[in-house]
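A.B. asks: Sequence and predicted structure are below.
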Amino acid sequence: MTVPALDLDLEVFSGPFDLLLALVLREEIDLLELELADVVLAYLDHLEGRGELDLETATEFIVLIAALLELKSRLMLADDDEELLDIEPGEAAEELLERMLQARRFRSASTYLQELFAREAGARFRIALPPAHLRKAMPAPADGSESPSVLGEAIGRLLRMPPTISLRHISVQRVTVAERLSHLRGLLRRGRFSFEEAVHGEDRMTVAVTVFALLELYKRGEAWWEQDESFGEIAVHPLAGTPLRAQAAAAAVAPQLQASAG
Amino acid sequence: MSDAEAGDVPIGGEDQRAPEFVDALVCTIEALLFLAPDPLTPQELADAAAADEADVVAALAALAERHAPDASGIRLRELAGGFTFATGPETEDAAKRLFSRPRAATLTPAQAETLAIVAYLQPVSRPEITRIRGVSADSAASTLLERGLIEESGRSQFGAVMYRTTTQFLKLFGLNGIEELPDVAQWDPTPEEQAQLRERLLRAGEARAGGGPDGER
Amino acid sequence: MSDAEAGDVPIGGEDQRAPEFVDALVCTIEALLFLAPDPLTPQELADAAAADEADVVAALAALAERHAPDASGIRLRELAGGFTFATGPETEDAAKRLFSRPRAATLTPAQAETLAIVAYLQPVSRPEITRIRGVSADSAASTLLERGLIEESGRSQFGAVMYRTTTQFLKLFGLNGIEELPDVAQWDPTPEEQAQLRERLLRAGEARAGGGPDGER
């Protein structure tokens, strides 16, 4: 099965992935209402079911989900939050923690409300109009009791343009494992190289896809790699290498990924 | 007047008409009649209470006694083959005072916006109002219709119902005609704009709904 | 169910809590509460009944006793800042059958979260709710609006519609006022837990990236 056919059963959508994408792009499904983590989980379930990793499909999925994630995070950030993109990792963690605590606070409060609601489940209220003769007793508001300025003010508020944010810089990037494979093979032909060299100046998406390409090269026995320390340089060697070591190194690529993307 | 009656002879504890035995069925029937806006037949009550109709009839008799004059302000009435609760005539004056008290309830923010849009742009369709507000105006429009402040005025070329304000609206706002509506200029955040009011409202509404972080999404 | 309980021990005629003295004011108050769509304060009741507020309070106490569980299917409740009648929970099965629908649909987690945010932070705008939840609250907010649990309360300085909870919310959640909700900070994690969370967050990049290639191997 390919990514487009990946079957999803989410709170706001049920169907294949490509239909979901189409609906998001046509704005028939609100991206903000979509729990992207559920999409990733569905994909992981699917991978687990297959028991093997199809690199082309994986690339496609990563590209699509990453684009959706970025778009969604842009939508969720208010103007004054744009500066958050440039703050230090420590500050970002504090900010994130604050938001997580707030979300958690209200999630707990919602559980409490659910309990209140359930406790009141047996109480119904009367919803009947008062008898006609009493309704007639209700006084009509006096002529001229409302001020026309209420209407002018309302129109003034409606004329205000909200602050705008630009989504122009977001475009779905098309980077494939095949491209990155040929890039890596080119570097390998010249011998040993560092992962940093391979992804220098590239965006996060390309870095992620390069990791997959590297894994593919390892699987095919074309390359192996090593890393002396966490966040250290990852050295990639052509061909012969000890599989065990390479496997350990595969896990170590990730921190580097973080370092090079940041 | 209720004050005057407050000292009236109470119903004695001794010559109680029946022991205050109120079984579960009577309670259930009481609750159902309290909730239902229209009379219920014994059959309907029996079905809902999952009881025999004969038991329901007996429960209704007990209820009638419980709600006798001087024992309760609510009476059990038999109307059109069904039973319903109604207030007793002795409470009529108080009820009239309750409903005739002047109420502060003016226009809600949603109603004020909807009414302003109709007043300044009339005729205007409901979808257009929603586009300008950025959120649905359905319940506000329904309330304004009910209160007689707006009314339908034909259909748009796309078949949507159009609204305009009523004479009632003019009276409530003390206007002689729609041309007396205040000039928006004094509340206009961008007075130098040349475009038509309608066009500008739609543009701002779409911007609000269109995904700004502080838009409506 | 009501059938099953029908044989329960009656409330004895002898050890009656009070003589069945029901004066006119109690009857009047009973009728007013029956008619009014929303809870009424003792002051409103006193005005309508042309009585002293102190007498109304006493009458309310007598009414509450009259409508105790096992004595009536209707209860006197103090909700949303006033007094109102509601049915007792023991009558719910029958009411459900009569109206062939549950009293109110349950809340989805998204609706409950949105409602909690509005209840504690009111007035609060939709974008603010979205920012706190991390996912949009659009459809949840629309449903809460339709169900009358929240309502608009003007716009923020950026033009976003603000929301607050309604009387209906207080009634359905058994609250006398919003201040009865417990302090929201009580659900915050302990300082130790927060420190742990902070540490985990700082390591999150590492952990997250490590899970990628590893988990999909």
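C.D. replies: Received, thanks. On a predicted model such as this, the values are computed, not experimentally measured, just so you know.

A.B. asks: Distance from stretch B:150-164 to the middle of the chain?
C.D. replies: 24 Å (Cα atoms, centre = their mean, to the nearest Å).

A.B. asks: mean confidence for it?
C.D. replies: With pLDDT averaged residue by residue, stretch B:150-164 scores 91.

A.B. asks: Look at B:Q43 and report its pLDDT.
C.D. replies: Reported pLDDT for B:Q43: 94.

A.B. asks: What residue in chain A comes nearest to chain C?
C.D. replies: When distances are taken as Cβ to the nearest Cβ, chain A approaches chain C most closely through A:G122, which lies 2.3 Å from it. C-beta coordinates here come from the backbone N, C-alpha and C atoms, glycine included.

A.B. asks: dump the residue contacts of that residue.
C.D. replies: Shown in contact with A:G122 (Cβ atoms under 8 Å, 6 or more residues apart in numbering or on different chains): C:87-92, C:103.

A.B. asks: B:C27 is in what secondary structure piece?
C.D. replies: If you go by DSSP states H and E, B:C27 is part of helix B:24-35.

A.B. asks: can you list contacts of that helix?
C.D. replies: By Cβ under 8 Å, 6+ apart, the surrounding residues in contact with helix B:24-35 are A:124, A:126, B:40, B:45, B:48-49, B:51, B:55-56, B:59-60, B:62-63, B:66, B:76, B:83-85, C:2-6, C:8, C:34, C:70-74, C:85, C:87-88, C:90-91, C:94-95, C:98-99.

A.B. asks: Taking the contacts of A:G122, tell me the two that lie furthest apart.
C.D. replies: Largest separation among these by Cβ to Cβ: C:E90 and C:R103, giving 13.6 Å.

A.B. asks: related to what we said a few turns ago, which other helices and strands does whichever helix or strand comes after the helix holding B:C27 contact?
C.D. replies: Where DSSP H and E defines the elements, the next helix or strand beyond helix B:24-35 is helix B:42-49. In terms of contacts (3 or more Cβ pairs under 8 Å, 6 or more residues apart in numbering or on different chains; DSSP states H and E), helix B:42-49 is packed against helix B:24-35, helix B:53-66, strand B:82-87, helix C:92-99.

A.B. asks: How much space separates the closest residue to A:F195 other than its chain neighbours from C:G88?
C.D. replies: Using Cβ to Cβ, 6 or more residues apart in numbering or on different chains and skipping the chain neighbours, the partner closest in space to A:F195 is A:I234 (3.8 Å). According to Cβ to Cβ, to the nearest Å, A:I234 stands 71 Å off from C:G88.

A.B. asks: neighbour count winner among the two?
C.D. replies: Neighbours of A:I234 and C:G88, each counted by other Cβ atoms under 10 Å in any protein chain shown, are more numerous for A:I234; the result is 25 against 22.

A.B. asks: From what I see, that one and A:A223 are in contact.
C.D. replies: No. Contact status for A:I234 versus A:A223: not in contact, 11.3 Å apart, counting by Cβ atoms under 8 Å.

A.B. asks: Pull up the per-residue confidence for the closest residue to B:A86 other than its chain neighbours.
C.D. replies: Spatial nearest neighbour of B:A86, chain neighbours left out: B:R77 (5.0 Å); criterion: Cβ to Cβ, 6+ apart. B:R77 carries a pLDDT score of 94 in this model.

A.B. asks: is it fair to say B:R77 lies in a strand?
C.D. replies: Yes. According to DSSP: H, G, I helix; E, B strand; the rest coil, the state of B:R77 is that of a strand.

A.B. asks: What is the burial count for it?
C.D. replies: Neighbour count for B:R77, taken as other Cβ under 10 Å: 14.

A.B. asks: For it, which residues are in contact?
C.D. replies: When contacts are taken as Cβ under 8 Å, 6+ apart, B:R77 is in contact with B:39, B:83-86.

A.B. asks: ok, those vs A:E146, which is closest?
C.D. replies: Comparing every one of the contacts of B:R77 with A:E146 (Cβ to Cβ), the shortest separation belongs to B:A86, at 35.2 Å.

A.B. asks: what bridges to that closest one?
C.D. replies: For B:A86, the beta-bridge partners under DSSP bridges are B:R75.

A.B. asks: how far away is A:E60 from B:A140?
C.D. replies: Applying Cβ to Cβ to A:E60 and B:A140 gives a distance of 46 Å.

A.B. asks: More neighbours: which of the two?
C.D. replies: When neighbours are counted by other Cβ under 10 Å, A:E60 and B:A140 differ, and B:A140 comes out ahead with 24 against 20.

A.B. asks: Next one: that one from C:V161, what distance?
C.D. replies: Counting by Cβ to Cβ, the separation of B:A140 from C:V161 is 11 Å.

A.B. asks: before we move on, what about B:L170?
C.D. replies: Taking Cβ to Cβ as the criterion, B:L170 is separated from C:V161 by 28 Å.

A.B. asks: Look at these two and report which has more neighbours.
C.D. replies: Set side by side, B:L170 and C:V161 give different neighbour counts by other Cβ under 10 Å, the larger being at C:V161 (23 against 20).

A.B. asks: Go ahead and confirm that one touches C:S125.
C.D. replies: Yes. With contacts defined as Cβ under 8 Å, C:V161 counts as touching C:S125 at a distance of 6.6 Å.

A.B. asks: mind listing the strands for the stretch 151-262 of chain A?
C.D. replies: Taking DSSP state E, counting those that start in this stretch as the criterion, the stretch 151-262 of chain A carries its strands at A:193-194, A:223-227, A:234-238.

A.B. asks: could you dump these to a markdown table with distance to B:D188 and mean pLDDT?
C.D. replies: Written out in a markdown table, the entries for the strands of the stretch 151-262 of chain A read as follows (distance: least, Cβ to Cβ, whole Å; pLDDT from 0 to 100):
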| stretch | distance to B:D188 | mean pLDDT |
| --- | --- | --- |
| strand A:193-194 | 61 | 87 |
| strand A:223-227 | 63 | 81 |
| strand A:234-238 | 61 | 85 |
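
A.B. asks: and those strands as TSV, adding distance to B:E146?
C.D. replies: As requested, the strands of the stretch 151-262 of chain A are arranged in TSV below (distance: least, Cβ to Cβ, whole Å):
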stretch	distance to B:E146
strand A:193-194	74
strand A:223-227	72
strand A:234-238	71
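
A.B. asks: so the residue nearest the centre of chain B is in which element?
C.D. replies: Per Cα atoms, centre = their mean, the C-alpha nearest to the average position across chain B is that of B:T143, at 8.5 Å. Following DSSP H and E, the helix or strand that holds B:T143 is helix B:138-146.

A.B. asks: ok, back up a step: contacting residues for the residue nearest to the centre of chain B?
C.D. replies: Counting by Cβ under 8 Å, 6+ apart, B:T143 makes contact with B:108, B:111.

A.B. asks: From C:L35, how far out is it?
C.D. replies: 21 Å.

A.B. asks: go on, B:R101?
C.D. replies: In this structure, B:R101 lies at 13 Å from C:L35, with Cβ to Cβ as the measure.
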